[in-house]
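> Sequence first, predicted coordinates after that:
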Amino acid sequence: MGDLADLIPATQEAFAGLITRPKLADKLLKRPPFRFLHDVVMNTINATGVGTDLFGPDESDSKAVSDKASKIAFLEKAALFAGHMTGSDLSAFRPAKVVAGMEAEGTNVFLQAYARGVRDCMDGRVDAAEAVRRTLAGEGAS
């Protein structure tokens, strides 16, 4: 997967120019808490418009995504969306482990894929609406 010391700067670079908040600090990327990941995904959607129909009102509110099952569901949906945008296999990203505070390497790989996919949608290389449709339909990433 990669060394965390190399993955963190790559994650920070992937989001450069996409969002200003939350700050992608080394400390947060070394062991990303769910609220941080939620904020990264939602702020990216709000800043870029990519994936605006992906999450419902309850999922969009971090206070409403408070139990383990809803946190896992949120991350699974975000990862599936990233997979549809990039064509990447993100099956190694395990939301249950992430919610438990583990697997920072896999989380950084997911975040990089998410940012890459958003940029591809913004550049017109990927149809964001189609990626949202496939994600909401539960289609596997290809």
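Everything's here; your move.

> where does the chain have low pLDDT?
1, 142 (pLDDT under 70).

> If we use 90, what do you get?
Per-residue confidence for the chain (pLDDT under 90) gives these ranges: 1-2, 89, 91-92, 101, 140-142.

> all helices for it, in order.
In the chain, helices defined by DSSP state H lie at 4-15, 26-30, 34-48, 57-60, 68-86, 95-99, 104-122, 128-136, listed in chain order.

> Can you give me the buried ones in stretch 99-116?
The neighbour-count criterion (16 or more other Cβ atoms under 10 Å) identifies 99, 103-116 as the buried residues of stretch 99-116. Using the backbone N, CA and C atoms, a C-beta is placed for each residue, glycine as well.

> Could you identify the most distant pair in those?
For the buried residues of stretch 99-116, the maximum inter-member distance is 23.3 Å, found between 99 and 116 (Cβ to Cβ).

> how about the residue lying closest to residue 72 once chain neighbours are set aside, what does it touch?
Using Cβ to Cβ, 6 or more residues apart in numbering and skipping residues adjacent in sequence, the residue nearest residue 72 is residue 95, 4.5 Å away. With Cβ atoms under 8 Å, 6 or more residues apart in numbering as the criterion, the residues that contact residue 95 are 71-72, 75-76, 79.

> Return the residues in contact with residue 54.
45, 77-78, 81, 132, 135-136.

> one more time with 6 Å, if that's ok
By Cβ atoms under 6 Å, 6 or more residues apart in numbering, the contact list for residue 54 reads 81, 132.

> measure it to residue 138 for me?
Distance of residue 54 to residue 138, computed by Cβ to Cβ, to the nearest Å: 13 Å.

> Check residue 124 too.
Distance, residue 124 to residue 138, by Cβ to Cβ: 26 Å.

> do residue 85 as well
16 Å.

> Can you pick out the residue with more neighbours from those two?
Counting neighbours by other Cβ atoms under 10 Å for residue 85 and for residue 138 shows that residue 85 has the greater number, 29 against 8.

> List the contacts of that one.
Listed by Cβ under 6 Å, 6+ apart, the contact set of residue 85 reads 117, 126, 131.

> Mind putting the residues you listed into CSV with distance to residue 2 and neighbour count?
Supplementary listing: these in CSV, determined by distance: Cβ to Cβ, whole Å; neighbours: other Cβ atoms under 10 Å:
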residue, distance to residue 2, neighbour count
117, 18, 25
126, 24, 20
131, 25, 26
